[in-house]
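A.B. asks: Next one to model:
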Amino acid sequence: MDQKNNPKANGAALIPFAVFILLYLGVGIVLQMQGVDMAFYQLPSPVAILVGIIVAFLMFKGTIEEKFSDFAKGCGDENILTMCFIYLFAGAFATVASAMGGVESTVYLCLSVIPIEFITAGMFVIASFLAVSTGSSMGTIGTIGPIAIATADTAGLSMPLMVAAVVGGAMFGDNLSMISDTTIAATRTQGVEMRDKFKVNFFIALPPAVITFVLLLILGRPETATAVEIMDFNIIKVLPYVVVLVLALLGMNVFLTLGSGVVLAGIIGIISGDLTLLSFSSNIYAGFSGMLEIFLLSLFTGGLAHMVTKNGGLQWVLEKIQGMVHSKRSAEVGISAISAIADLAVANNTIAIIISGQIAKGICEEYEVDPRRSASLLDIWSCIFQGFIPYGAQILLACSLTAGVSSGAISPLDLFPLLWYQQLLAVFAIISIFVPFADGVIRKRPWNFKTWKAEDAK
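C.D. replies: From the prediction side, this is the model:
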């Protein structure tokens, strides 16, 4: 980082962010103790961060006009706005593709080719593919969960193992998806291409996924086989997901990629009779609306981050980290820890990445950590903890779906020993820091830090 342009370190400048995190976390804990369902998701995050913004306006020096100007500059940052518009496009694609029957066709296509004796491992694969396609671990669990739970209950399979397999697959796919809000946040905050982050991320996440799959093949087989009813599906309706994935991997502009997916899904839906022109347009808007919370949070976080940075908050964090970091590898450990701690605090992997992204970028500049690795580590560690903490939405939703089954409902505590994918991902993420086996794309195309810093200073 350019030391000449750095503000004086000021730890007090972080108070507005601390207010946001403590408020969000505190309300969640209180509601959880009162037995409220989805306690950590009752207080909308944009409202919580708005309180932090008010604190920033009250404590930072300057006129109201000057502080609002600083806030607006942060909201209007190119990376923040690009990230927000990508959220809208991703929401539109996911909603339109689902409305024309893409999700159901994807699920039943996969079920039709998986033998019943491998159904637990198969559910892991189905959840992985659906999460990669839709970019939503919550949507994947909500879609696959009831089918997987009913199958396990009917076939006499281990219910906790089946639920853990679905959650693990959902987190694996969400972590890698090109249209996941976590991928969007990680790549935009670090200023890297999605395909580069995907390549680094893939080689770290694949070994844990393969090992988990093998374990499920061995330990998830039923003693007796029971037939699973397969509903009708249309393989054409799976095509938009495949097209979006392929175009993203080929490096096409993300807006063109998602826009192509929306148009293709709409055409297929209209031809099949599942959509009309009016319902197509209304589903696009519904997709936009579904991203409103994360859109506002990203916008507000960008504004608050700029104010905090200008007043020395980021510089204070970097100076503190500098005392603990002695090498590029230890800097990567620091980035991982920041992402993990942020997710533990707010129980939302996207919010965790948005909060920690600016700090991570500063660490990358200071210690020349390749931002493609930083983006991958941010996403991976937020994914690990989001798919493991008992108060996270994914675990809560998965457990709630087991209510009423003949084998009895399960709790997060039943899942912990069986969340193999998340545990293995943590192991391989740590190994990748000290034995960089996933850095092929980085070695082939080294990052130009001089150019990056020059552009960042503009």
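A.B. asks: Which residues belonging to stretch 200-217 are considered buried?
C.D. replies: Within stretch 200-217, the residues that qualify as buried are 200-205, 207-209, 212-213, 215-216, counting by 16 or more other Cβ atoms under 10 Å. C-beta coordinates here come from the backbone N, C-alpha and C atoms, glycine included.
A.B. asks: so how far is that stretch off the chain centroid?
C.D. replies: 18 Å (Cα atoms, centre = their mean, to the nearest Å).
A.B. asks: do the same with stretch 175-187
C.D. replies: How far stretch 175-187 lies from its chain's middle: 6 Å, per Cα atoms, centre = their mean.
A.B. asks: what does stretch 12-21 give?
C.D. replies: 23 Å.
A.B. asks: now do stretch 95-108
C.D. replies: Between the centre of stretch 95-108 and the centre of its chain there are 21 Å (Cα atoms, centre = their mean).
A.B. asks: for stretch 437-449, same thing?
C.D. replies: Relative to the mean C-alpha coordinate of its chain, stretch 437-449 is positioned 23 Å out (Cα atoms, centre = their mean).
A.B. asks: tally of neighbours for residue 172?
C.D. replies: 29 (other Cβ atoms under 10 Å).
A.B. asks: likewise residue 234?
C.D. replies: Residues near residue 234, counting by other Cβ under 10 Å: 17.
A.B. asks: give me the element the closest residue to it other than its chain neighbours is part of.
C.D. replies: Nearest residue to residue 234, sequence neighbours excluded (Cβ to Cβ, 6 or more residues apart in numbering): residue 105, at 5.0 Å. Per DSSP states H and E: residue 105 is located in helix 102-112.
A.B. asks: So which bits of that helix are buried?
C.D. replies: Buried residues in helix 102-112, counted by 16+ other Cβ under 10 Å: 102, 103, 104, 105, 106, 107, 108, 109, 110, 111.
A.B. asks: Could you measure from the residue nearest to residue 234 over to residue 247?
C.D. replies: 20 Å (Cβ to Cβ, to the nearest Å).
A.B. asks: now do residue 218
C.D. replies: 37 Å.
A.B. asks: How about residue 349?
C.D. replies: 25 Å.
A.B. asks: Compare these two and say which is more crowded by neighbours.
C.D. replies: Counted by other Cβ under 10 Å, residue 349 and residue 247 do not tie: residue 349 has more neighbours, with 32 against 18.
A.B. asks: In three-state terms, how would the residue positioned nearest the centre of the chain be classified?
C.D. replies: Among the residues of the chain, the one closest to the centroid is residue 182, at 3.0 Å (Cα atoms, centre = their mean). Three-state assignment for residue 182 (DSSP: H, G, I helix; E, B strand; the rest coil): helix.
A.B. asks: on that earlier part again, could you dump the buried residues of helix 102-112 to JSON lines with pLDDT and distance to residue 51?
C.D. replies: Converted to JSON lines, the buried residues of helix 102-112 look like this (pLDDT from 0 to 100; distance: Cβ to Cβ, whole Å):
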{"residue": "102", "pLDDT": "82", "distance to residue 51": "39"}
{"residue": "103", "pLDDT": "72", "distance to residue 51": "37"}
{"residue": "104", "pLDDT": "76", "distance to residue 51": "41"}
{"residue": "105", "pLDDT": "81", "distance to residue 51": "44"}
{"residue": "106", "pLDDT": "71", "distance to residue 51": "40"}
{"residue": "107", "pLDDT": "70", "distance to residue 51": "41"}
{"residue": "108", "pLDDT": "74", "distance to residue 51": "45"}
{"residue": "109", "pLDDT": "75", "distance to residue 51": "46"}
{"residue": "110", "pLDDT": "65", "distance to residue 51": "44"}
{"residue": "111", "pLDDT": "68", "distance to residue 51": "46"}
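A.B. asks: need those residues in TSV with distance to residue 131, can you?
C.D. replies: Shown next, in TSV, are the buried residues of helix 102-112 (distance: Cβ to Cβ, whole Å):
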residue	distance to residue 131
102	14
103	11
104	15
105	16
106	11
107	12
108	17
109	15
110	12
111	16
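A.B. asks: of the residues you listed, closest to residue 281?
C.D. replies: residue 102 (17.7 Å; Cβ to Cβ).
A.B. asks: what's the closest non-adjacent residue to the closest one?
C.D. replies: Per Cβ to Cβ, 6+ apart, closest to residue 102 is residue 237, 4.7 Å.
A.B. asks: Ok, residue 80 next?
C.D. replies: Residue 80's closest residue in space is residue 302 (Cβ to Cβ, 6+ apart), at 3.5 Å.
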